[in-house]
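Asker: would you be able to build a 3D model of this:
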Amino acid sequence: MLDKSGFDKWSSNYDQTVAGDDVAGAYPFAGYSAVLDRVKDLVGEPEGLEILDIGVGTGKFSSALYSAGARICGVDFSAGMLEKARAAMPRGEFHLFDFNAGLPPDLDGSKFDRIISAYAFHHLTDAGKAAFLRSLGGRLKAGGKVVIADVAFETARGLNACREKAGPKWDDSESYMVAETLLPLLVGCGLKSDYLQVSNCAGILTLVLYN
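Answerer: Residues are numbered from 1 along each chain as shown. Just a heads-up that it's a prediction; the model follows:
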């Protein structure tokens, strides 16, 4: 797993790396374009929405929502990535912060129409994922929604099949989401959960407030 310095260096060609794996259908970014298209559908009409992007990276995804009229607040632990995001979204709000420690204190009391995360959630440990997700209900406005897209699997069997196919490219330091394990840990948190497998190594978790 890369540290902050590694992501700072990767920021210069991160988008090209992602696109290459997507076209090749290779782990870890196979299905990337399809995943982000589906996330856009789940976000809905962006105009006027206040959107929190956790692990905003270069802003490649959020910038499309920003251009369509959303107000973007981005969090990332890499200064290099945030520099790219600020250039893409000059009127956005950005916080240099490691979300392994939760959300930045500057956002205490803030609520959002949508909370999104694309290909960053694996930086949380398995134990941290459920706790973090359970905390997000209190960060949503009425009718709000959380959409998490990442390297992810519906079952442990699916993860193991991907690991075997990826061979030496597999990164054992990453903690990938497995829906059959994670969803039961979210019961009773006030959020209705749904999981969609998009490619052999990518999926989307959606959480909405119960009425």
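Asker: buried ones in stretch 41-56, by neighbour count?
Answerer: 42-43, 46, 49-56 (16 or more other C-beta atoms under 10 Å). In short, each C-beta sits where N, CA and C put it, glycine included.
Asker: how about low-confidence regions in the protein?
Answerer: Across the chain, the ranges flagged by pLDDT under 70 are 1-24, 211.
Asker: so which residues of it form helices?
Answerer: Here the chain has its helices, by DSSP state H, at 4-10, 14-24, 32-43, 62-67, 79-88, 126-135, 156-166, 179-182.
Asker: nearest to Val208, out of these?
Answerer: Minimum separation from Val208 across the helices of the chain (C-beta to C-beta) falls at helix 32-43, 9.7 Å.
Asker: check which residues of that closest one are buried.
Answerer: 32, 35-36, 38-40, 42-43.
Asker: re earlier: may I see the helices of the chain arranged in CSV, with distance to Lys141 as well?
Answerer: Output for the helices of the chain, formatted as CSV (distance: least, C-beta to C-beta, whole Å):
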stretch, distance to Lys141
helix 4-10, 30
helix 14-24, 30
helix 32-43, 14
helix 62-67, 16
helix 79-88, 23
helix 126-135, 16
helix 156-166, 34
helix 179-182, 24
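Asker: quick one: which of the ones you listed is nearest Cys189?
Answerer: Smallest distance to Cys189 across those (C-beta to C-beta): 4.2 Å, for helix 126-135.
Asker: how far does the biggest strand by length in the chain sit from the chain's center?
Answerer: Longest strand in the chain by number of residues (criterion: DSSP state E): strand 140-150. Distance of strand 140-150 from the chain centroid (C-alpha atoms, centre = their mean, to the nearest Å) equals 11 Å.
Asker: for it, which outside residues touch it?
Answerer: The set of residues external to strand 140-150 that reach it, using C-beta atoms under 8 Å, 6 or more residues apart in numbering, is 35-36, 38-39, 42-43, 50, 111-122, 133, 136, 176-177, 191, 202-209.
Asker: what about burial for those, which qualify?
Answerer: Listed as buried from the contacts of strand 140-150 are 35-36, 38-39, 42-43, 50, 112-122, 133, 136, 176-177, 191, 202-209; burial here means 16+ other C-beta under 10 Å.
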